[in-house]
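Asks: sequence and predicted structure, then a few things I'm wondering about:
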Amino acid sequence: MLWMTGFHFCFDLNHAGFLQQNFYSDPFWTWQRNAIVSLFLLCAGVSQAVAMQQGQSWARFARRWCQIALCALLVSAGSWWMFSQSFIYFGVLHGIAVMLIIVRLTAAWGAWLWLLGGLAIATKFIAAYAHSAGFAGAFLNEKTWSVLGLISVKPITEDYVPLVPWLGVVWLGLALGQWLLAQRPQWLQLALPAAAQPIVWLGRWSLSYYMLHQSVLIGLLSAYVWLRA
């Protein structure tokens, strides 16, 4: 959460003209973005393993899923207002909403989840080869199909988290969570020092924080620009 906040603040500074960075192609920024998304989705998979081990019902899952789906729609609306030509139509929340349903339905597949996770990640490279060899259809780059991730050209959008390869990360998180619960449950029960409690709070309210932090950052930055003028 803290890494994401710092990354987004730098993005906002760049958008406001205080930095001159290419967040779309510079590896310094793209690798950070990939690492942050990977941590998010890995934790989502582990959390789902814990939730199911604690007996989370489909009704409770559905309530949480609806919250995520609604927030995804709000992200699309907000990004369309700010970036009408590159608004977010399948970002991290959209991806999580779809992936959680798939993960929930496949949670009982046991050790196969490790294989599925690796295969989903490998499919990204298989698809790239298929495009370069002329085996893949160009229609896969269209917006309707790009949510699958089987693309050769990245779509123009501010956030893009398709099923391939990211579903693989969630599957690996689920498999890891199930392994930890079965083999090393004490690792998930470690007591944290008092100084770390604010970070615990961020984890418990991650969706609310995710939805609000950019509004606060952009608001503060806009206020600074206005006061400095």
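Replies: Thanks, I have it. Keep in mind the model is a prediction, meaning the values are calculated, not measured. Numbers count the residues shown, from 1 in each chain.
Asks: all helices for the protein, in order.
Replies: Along the chain, counting by DSSP state H, helices occupy 2-15, 27-53, 58-82, 92-106, 112-132, 143-146, 163-183, 197-204, 206-228.
Asks: just want the most central residue of this protein.
Replies: Nearest to the mean C-alpha position of the chain, by C-alpha atoms, centre = their mean, lies residue 92 at 3.5 Å.
Asks: quick check: that residue touching residue 36?
Replies: No. With contacts counted by C-beta atoms under 8 Å, residue 92 stays clear of residue 36, the gap being 9.1 Å. Every C-beta, even on glycine, is put in place using the N, C-alpha and C of the backbone.
Asks: one step back: any idea which of the helices of the chain is most buried?
Replies: Across the helices of the chain, the average number of neighbours (mean count of other C-beta atoms under 10 Å) peaks for helix 163-183, which reaches a mean of 22.
Asks: just to revisit the earlier point, dump the helices of the chain to JSON lines, plus distance to residue 152 and mean pLDDT.
Replies: Below are the helices of the chain laid out as JSON lines (distance: least, C-beta to C-beta, whole Å; pLDDT from 0 to 100):
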{"stretch": "helix 2-15", "distance to residue 152": "26", "mean pLDDT": "95"}
{"stretch": "helix 27-53", "distance to residue 152": "17", "mean pLDDT": "96"}
{"stretch": "helix 58-82", "distance to residue 152": "24", "mean pLDDT": "95"}
{"stretch": "helix 92-106", "distance to residue 152": "20", "mean pLDDT": "97"}
{"stretch": "helix 112-132", "distance to residue 152": "4", "mean pLDDT": "96"}
{"stretch": "helix 143-146", "distance to residue 152": "10", "mean pLDDT": "93"}
{"stretch": "helix 163-183", "distance to residue 152": "13", "mean pLDDT": "97"}
{"stretch": "helix 197-204", "distance to residue 152": "37", "mean pLDDT": "84"}
{"stretch": "helix 206-228", "distance to residue 152": "30", "mean pLDDT": "92"}
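Asks: okay if I get those as CSV plus distance to residue 155?
Replies: Shown next, in CSV, are those (distance: least, C-beta to C-beta, whole Å):
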stretch, distance to residue 155
helix 2-15, 18
helix 27-53, 15
helix 58-82, 13
helix 92-106, 13
helix 112-132, 14
helix 143-146, 5
helix 163-183, 14
helix 197-204, 30
helix 206-228, 21
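Asks: surely residue 85 and residue 157 touch.
Replies: No. Judged on C-beta under 8 Å, residue 85 makes no contact with residue 157 at a distance of 9.5 Å.
Asks: so which of those two has more stuff around it?
Replies: residue 157 (19 against 8; other C-beta atoms under 10 Å).
Asks: what sits against the nearest residue to residue 14 once chain neighbours are set aside?
Replies: Once flanking residues are discounted, residue 14 sits nearest to residue 21: 5.0 Å by C-beta to C-beta, 6 or more residues apart in numbering. Contact analysis of residue 21 by C-beta atoms under 8 Å, 6 or more residues apart in numbering lists 10, 14, 29.
Asks: let's see 10 Å
Replies: Residue 21 sits next to 10-11, 13-14, 28-29 when contact means C-beta atoms under 10 Å, 6 or more residues apart in numbering.
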